[in-house]
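In: for reference, the sequence and a predicted model appear below.
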Amino acid sequence: MIQVQNLTKEYNSRKALDDVSFTVTRGEIFSLIGANGAGKSTTIKILTHQVLATSGSASVNGLDVSSHFGQIKPGIAYVPENLMLYGYLTGIQNLDFFCGISGLNYTRAELENYLIQAGLDAGHFDKKLANYSKGMKQKVGIAFALAKKATVLFLDEPTSGLDPKSIAEFSVLLKNLKASGMTILISSHDLFRTINDTDRIGIMKEGRLLETVYARETSFAQLEEKYMQLMQ
Ligand SMILES: Nc1ncnc2c1ncn2[C@@H]1O[C@H](COP(=O)(O)OP(=O)(O)OP(=O)(O)O)[C@@H](O)[C@H]1O
């Protein structure tokens, strides 16, 4: 589903990514963790064709990102940390707008259904985005991923700045997305949520992927200890 092979990204001859390789299998949730500047967002930006790699390859759904992004794009969704939505439009209008520019026309009932699946309370559908919390905006982004019928979802720091209730709701949402068969790549600083919500975890430092662990084989304490050791 997602394959990254010897990926390197240089900015002014400084390596933001250094020979990173990993695979995320179909239906798997894979999280990248690591200190600020480790290269997590750069990896996601290369996979979503916002940034070009210096060398190496990245593919999604079996297609090379640099040469076939047009074919990849309809099947993927990217939800950044701060989702750019229109504050003067309501939640449902934003979803309708973004579906429209992707060539998707849904009835109000269908749009509502996607928002409900993403966990947004019906009472907020017709409120302006300017009044939404970060977690509510994220739900609109995920509703768009569902409306696109995306098979691969990229989430950049989805739990940062969310309150505990929103984080708990996000965990339930992730489980539902996984149950629907979605493949998900997450960038995160939240070790606790990462160990509980994801299948596999890649620990990055200074552009390199140092280690990959299966969440089911690791406790939170073991992950934290390993993380601390690797970050020294
Ligand atoms: N447009 C850019 N120009 C120059 N350097 C950049 C650019 N974007 C990222 N970098 C550098 O690349 C490195 C990796 O950054 P990246 O944002 O991928 O890290 P990250 O692990 O996502 O960090 P954070 O947890 O802070 O989001 C950092 O040293 C960063 O300063």
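Out: Structure received.
In: return the residues of this structure in contact with the ligand.
Out: Within the chain, the positions near the ligand by CB under 6 Å from any ligand atom are 11, 16, 34, 36, 37, 38, 39, 40, 41, 42, 187. Where C-beta positions appear, they are placed from N, C-alpha and C, glycine not excepted.
In: can you flag the buried ones in those?
Out: Among those, those scoring as buried are 16, 34, 38, 39, 40, 41, 42, 187 (criterion: 16 or more other CB atoms under 10 Å).
In: ok, the third one touching residue 202?
Out: It refers to residue 38. No. Using CB atoms under 8 Å, residue 38 makes no contact with residue 202, being 9.9 Å away.
In: show me what the helix ranked longest in the chain is in contact with.
Out: Looking across the chain with DSSP state H, the single longest helix is helix 164-179. Outside helix 164-179, the residues that touch it by CB atoms under 8 Å, 6 or more residues apart in numbering are 27, 29, 117-119, 133-135, 138-139, 142, 153, 158-159, 162, 184, 190, 193, 196-198.
In: circling back to that earlier point, restricted to helices, list the buried ones among the residues of the chain next to the ligand.
Out: Taking DSSP H, the ones among these that sit in helices are 40, 41, 42.
In: which stretches of this structure form helices?
Out: Going by DSSP H, the chain shows helices at 40-47, 65-72, 91-101, 108-117, 134-147, 164-179, 191-197, 220-231.
In: with distance to residue 55 and mean pLDDT added, can I get the ones you listed in a markdown table?
Out: Below are the helices of the chain laid out as a markdown table (distance: least, CB to CB, whole Å; pLDDT from 0 to 100):
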| stretch | distance to residue 55 | mean pLDDT |
| --- | --- | --- |
| helix 40-47 | 11 | 97 |
| helix 65-72 | 11 | 96 |
| helix 91-101 | 33 | 96 |
| helix 108-117 | 39 | 96 |
| helix 134-147 | 30 | 93 |
| helix 164-179 | 32 | 92 |
| helix 191-197 | 29 | 93 |
| helix 220-231 | 25 | 95 |
